[in-house]
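Asker: any chance you can model this:
(chains A and B)
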Amino acid sequence: MEGESPLERYLESCSGQDDFSTSPHLFIPMSPYDLELPIQASSQLSQSKELHTDFSSVDLSFLPDVTQDNKEQNLSEDGQETQKELDGSLSSKEDSGVFMDESSLSHPGAAQPSPETPGVCPPLTPMTPITPTTSASESSGIVPQLQNIVSTVNLACKLDLKNIALHARNAEYNPKRFAAVIMRIREPRTTALIFSSGKMVCTGAKSEEQSRLAARKYARVVQKLGFPAKFLDFKIQNMVGSCDVRFPIRLESLVLTHQQFSRKEEISYEPELFPGLVYRMVKPRIVLLIFVSGKVVLTGAKDRSEIYEAFENIYPILRGFKKPS
Amino acid sequence: MAARGRCPECGSGSLVEDAHYAQQQLVCAACGCVLSEGLLTTTYTDEEHLREVAYSQSTGQKEQLSRCLQRGIRRVQDLCKVLKLPAAFEETAVSYFQRALELPAFHLVSLEKKELLGGCCVLVTCRQRRWPLTMGTVCSLLYAKQELFASVFLSLQRELGLSVPALSLADLVTTHLSSFRLVQPNANIPAPFLEDKEQLVARTMAIVELASDTWLVTGRHPVPVVTAAAFLAWQSLRPGPRLSCPLARFCRLAGVELPPPAQLRLKELLEILLAMASQLSWLRGFCLDKKTVVKHIGDLLQHRLFLLKRAFSQQDTGLGMGSVSQECQGSGLPSSPAVPQQQGCPWAGQQQQRGTLRPLLPPCLLHPRKRLRAAAPSAASAALTGDEPISDSEIEQYLRSPEEIRAFRRAKAWS
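Answerer: Have a look, this model is predicted:
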């Protein structure tokens, strides 16, 4: 899977797409399984939108234009195969992330060569989420691990929270404290806040796909409770990642050196208030919490690539504090 | 309004309403005699239609300071007087306060927060002029909650875009120690406990520098470090009668409150000093412990650069090390990986005096608390697409059975 370039995979999928002619966004009678299709369409749309922006740096100029305006073409082309291809590239991203993580666990501090993507040429910038690292000499070899994803979705129907709390085992509802039902599921281990307007917030997932799956499960629970829940506007609102640079950092010196080179990026180090240093990076717009132990927490991302990019931006600065050993 | 009547002078009937500099006048067109002027109102009906100018539209509001602002400025000035700050600080703090209160972020907040805003402006001013004022002091003066103060301070920093330099430890030492009662002659304090201020400040400063070199200060609250350092300095200047005095009693004598982390900082400082003492040639003969090493702090500080290099291995990434060894001549030190080459070390073959050196790392890395490491995401979960089919049985496990619902209804009596 990793040896294949995303380009080759896309071409394979294009050959398979002719089987699918139905545009899934037509109205389909409500029944538990059929409801998947409209959801899939909107999800594919959002997925493909997100991913097509990510692929912007890859040279796919000879393929038919798949821009945001071409929604119709998009939807008709999107079938199971294309979806698999997109998910395949996503999973290769994750695989590479896993690969990096496991190998970085076994070889602490050693620089990792970037996983092979031979089909994609050098124009890949570090921003591409296909591989989180660039060339071997530049990269930190450390990949931030995602710890929490917060997403929202609109179920598009008014909900009776008391009813839900009565009929669901995994729900708690205390209107005096908070005006939403707190529901939890075991797999993926997440928590959801469900409001009476039909809006829902899903937290606790460790990846975008898990968050989406969890949100769908909550929507299914609500459906089974008798409400005509839909799955509209699924959006990831926040992603939190963390990693360890494996050497201690002199936070006081970091504040001083920062004042010399950049004024736009805000740094706040108040040991009286918080033991870590708060670094508000401007591009990408991410907040990093840097601790003396070398652990870094990155938050405020809407996309995984922002976390990787932010870490790659901060690592050279932190590396300056590493004592040569 | 139609002009009525006749001109008293020339008797002509042509009267005209004219305005002389916006003042209405009734003038005779023939001879120019002014019949009446300065009429404020015309008729009753006219009065009803005219509207007054509201205060919010007038210029009066802009020129006058609002009551809230006045109160806030007074509070800032009082704070500066209590803290005995120079006059220039007061002006700066007041200007910050005025700027901040105009911003929407602070204009509509609760009164409590506005009070804290004054304190934050004073704090920012002091930080910028390198006047060591701690947040704890300001909070206690304002009777403020620490978290609320923190949030107001951070938002002030962000909104006004101020660069607030860090608290300088050296200045903090001077200010903190001058509040100690031990440095002034006092009837309540026994003579052996009194100390000269200059000496105490100098030695405390050296110990605080040592602490910051050995990672004891980064990320920690500064005041407990200064308290612990002052205690060690005070003990070491006259160990005889003072060694038996514990930290708590020292703080009581000094008239300073004992911050809880100070005990831990003291312990860490003593560990560092013991490690350094093990490298000092004329101390190797002694078996030093936490009490006795205090006597030699003067020597240790004098040679601290040399001792730091020798006492701690320079590898930063030696994270395999466990606990810090207790230095005593005969104690067996825990074995560890690569021992760095030490030049001129004739003792290398001997008893593990030099055997294993602890790396110079922050305490959080030396004593990592046991944490549940989340397992790396397995390949199965990595292949998740988010669009998998969801089985009915899985969802049904989350729904209550009818019996349960009945039982719940009875128990909770849902309205």
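Asker: C-alpha only now, for contacts and for neighbours.
Answerer: Fine.
Asker: in the stretch 51-200 of chain A, where is pLDDT below threshold?
Answerer: Judged against pLDDT under 70, the low-scoring parts of the stretch 51-200 of chain A cover residues A:51-138.
Asker: what's the burial count for residue 207?
Answerer: The chain I'm using is chain A. Counted by other CA atoms under 10 Å in any protein chain shown, the residues lying close to A:Ser207 total 25.
Asker: could you do chain B instead?
Answerer: Residue crowding around B:Ile207 was assessed by other CA under 10 Å; the count is 26.
Asker: now for it: which residues touch it?
Answerer: Contact partners of B:Ile207, counting by CA atoms under 8 Å, 6 or more residues apart in numbering or on different chains, are B:229, B:233, B:301.
Asker: can you rerun that using 10 Å?
Answerer: Residues near B:Ile207 by CA atoms under 10 Å, 6 or more residues apart in numbering or on different chains: B:201, B:213, B:225-226, B:228-230, B:232-233, B:269, B:273, B:297-298, B:300-301, B:304.
Asker: counting neighbours, what do you get for whatever residue of the stretch 201-350 of chain B ends up closest to chain A?
Answerer: At 4.1 Å from chain A, B:Gly219 is the closest residue in the stretch 201-350 of chain B, using CA to the nearest CA. Using other CA under 10 Å, B:Gly219 has 23 other residues around it.
Asker: and the pLDDT for the residue nearest to it when sequence neighbours are not counted?
Answerer: If the residues on either side of it in the chain are set aside, B:Gly219 comes closest to A:Pro275, at 4.1 Å by CA to CA, 6 or more residues apart in numbering or on different chains. Looking at A:Pro275, its pLDDT reads 92.
Asker: might one say that A:Pro275 is in contact with A:Glu252?
Answerer: No - assessed by CA atoms under 10 Å, A:Pro275 is found out of contact with A:Glu252, at 11.3 Å.
Asker: next, show the common contact partners of these two.
Answerer: In terms of CA under 10 Å, 6+ apart, A:Pro275 and A:Glu252 are both contacted by the residues A:269, A:292, B:218-219.
Asker: out of these, who's the most crowded?
Answerer: Neighbour counts for those, by other CA under 10 Å, peak at A:Val292, which reaches 25 neighbours.
Asker: phi, psi of that residue?
Answerer: Backbone torsions for A:Val292, taken as degrees, to the nearest 10, come to phi -70, psi -30.
Asker: for B:Cys251, same thing?
Answerer: According to degrees, to the nearest 10, B:Cys251 has phi -70, psi -40.
Asker: burial measure for it, as a count.
Answerer: Number of residues near B:Cys251 (other CA under 10 Å) recorded here: 20.
Asker: same check on B:Gln184?
Answerer: Neighbourhood size, B:Gln184 [other CA under 10 Å]: 15.
Asker: right, and B:Ala262 touches B:Val226 too?
Answerer: Yes - using CA under 10 Å, B:Ala262 and B:Val226 qualify as a contacting pair, with a distance of 8.4 Å.
Asker: neighbour count for the two, which is higher?
Answerer: Using other CA under 10 Å, the more surrounded residue of B:Ala262 and B:Val226 is B:Val226, with 27 against 22.
Asker: thinking again about what came up before, for PyMOL, write the select line for the buried members of the contacts of B:Ile207.
Answerer: In PyMOL, this line selects whichever of those come out buried by 16 or more other CA atoms under 10 Å in any protein chain shown:
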select buried, chain B and resi 201+225+226+228+229+230+232+233+269+273+297+298+300+301+304
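Asker: out of the contacts of B:Ile207, which touch chain A?
Answerer: Filtering those for neighbours of chain A using CA under 10 Å from any CA of the partner chain leaves B:Asp213.
Asker: which of the contacts of B:Ile207 sits closest to B:Pro363?
Answerer: Using CA to CA, the shortest approach to B:Pro363 within these belongs to B:Leu269, at 10.9 Å.
Asker: in the stretch 251-400 of chain B, which spans are strands?
Answerer: Counting by DSSP state E, counting those that start in this stretch, one finds strands in the stretch 251-400 of chain B at the ranges B:312-313, B:358-359.
Asker: kindly report the same for the stretch 201-325 of chain A.
Answerer: With strands called from DSSP E, counting those that start in this stretch, the stretch 201-325 of chain A shows them at A:232-244, A:266-268, A:277-281, A:286-290, A:295-301.
Asker: rebuild those as JSON lines, extending it with mean neighbour count and distance to A:Ala214.
Answerer: Output for the strands of the stretch 201-325 of chain A, formatted as JSON lines (neighbours: other CA atoms under 10 Å in any protein chain shown; distance: least, CA to CA, whole Å):
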{"stretch": "strand A:232-244", "mean neighbour count": "20", "distance to A:Ala214": "11"}
{"stretch": "strand A:266-268", "mean neighbour count": "21", "distance to A:Ala214": "35"}
{"stretch": "strand A:277-281", "mean neighbour count": "20", "distance to A:Ala214": "30"}
{"stretch": "strand A:286-290", "mean neighbour count": "22", "distance to A:Ala214": "25"}
{"stretch": "strand A:295-301", "mean neighbour count": "22", "distance to A:Ala214": "20"}
